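Novice: here is the input, now give the coordinates:
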Amino acid sequence: MKKIIFLLLLSLLLSKNIFAQIDVVTGMGISFVYNPSLNDYLDLRSPAEEVKPFSTTAEFYGEVDYSISEKYQIGIEYVYTLFDFNSAYAGNYTFSYTHQKPSLLAYYVISGKGYKFKFGGGAGIRIINLTENFSVDENFSAVGFGLLLRAQGHTALSDNFYANIGGTMRTDFPGTPSNSNHNFYDDTNLNSFSVSVNLGISYFF
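Specialist: Residues are numbered from 1 along each chain as shown. All right, here's what the predicted structure looks like:
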């Protein structure tokens, strides 16, 4: 009886170790962001310049994923996005924001020797810090939530290091930024839809 219990415990530990893999992923990318409310506001601030429907932002990301089985992973990520807009109309006008996007993730995984594909999504809080300079600096902030869908591929560079490429669709709802005095102009919000492409490296252990 003791031998049977020992063998059962050993088999459980071995099966857990087979799948107890942690993926550490990092990199950078570019995001194409559609934000009609913000576009209307920037059009108002710079009528002599064309504001394109999709703006581009640079983003940097880090992610840690844990295998709960051969086919499924859960994880957490942190994404940091930068956006800048400048206009010479009516003086030197500048507008910029940083967008922090921590999220909880869940993936379906297809893997083999030298490769891994992940398909999944997640959700998390969204934090925006905005600075506008129209003769003087004024700062605003907003906190909301967001959702994402992602496809990510990894190909081996060595035993544990992989190159990764991914594509993500996001809908973010940080809402209208404000400060201690008032909301941002005419309740302009920073809710957006975006598509991003990312490149980076991964370490599996």
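Novice: which other helices and strands does whatever helix or strand Phe145 lives in contact?
Specialist: Phe145 belongs to strand 137-156 when assigned by DSSP states H and E. Packed against strand 137-156 by the contact rule (3 or more CB pairs under 8 Å, 6 or more residues apart in numbering; DSSP states H and E) you find strand 103-112, strand 115-133, strand 161-173. (C-beta placed from N, C-alpha, C; glycine too.)
Novice: His182: which of these is closest?
Specialist: Checking the helices and strands packed on strand 137-156 against His182 by CB to CB gives strand 115-133 as the closest, at 12.4 Å.
Novice: off-centre distance for stretch 130-142?
Specialist: In terms of CA atoms, centre = their mean, to the nearest Å, the gap separating the centre of stretch 130-142 from the centre of its chain is 24 Å.
Novice: okay, how far is it across that stretch, tip to tip?
Specialist: 9 Å (CA to CA, to the nearest Å).
Novice: quick check: mean pLDDT across that stretch?
Specialist: Stretch 130-142 shows an average pLDDT of 88 in the prediction.
Novice: what are the buried residues along it?
Specialist: Leu130, Glu132, Phe140, Ala142 (16 or more other CB atoms under 10 Å).
Novice: hang on, the earlier thing: how about the helices and strands packed on strand 137-156 in JSON lines, adding distance to His182?
Specialist: JSON lines is the format used below for the helices and strands packed on strand 137-156 (distance: least, CB to CB, whole Å):
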{"stretch": "strand 103-112", "distance to His182": "30"}
{"stretch": "strand 115-133", "distance to His182": "12"}
{"stretch": "strand 161-173", "distance to His182": "21"}
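Novice: among those, which comes closest to Leu199?
Specialist: Comparing the helices and strands packed on strand 137-156 against Leu199 with CB to CB, the closest turns out to be strand 161-173 (5.6 Å).
Novice: so for the chain, the centremost residue is which one?
Specialist: Among the residues of the chain, the smallest C-alpha distance to the mean C-alpha position (CA atoms, centre = their mean) belongs to Val79, namely 4.2 Å.
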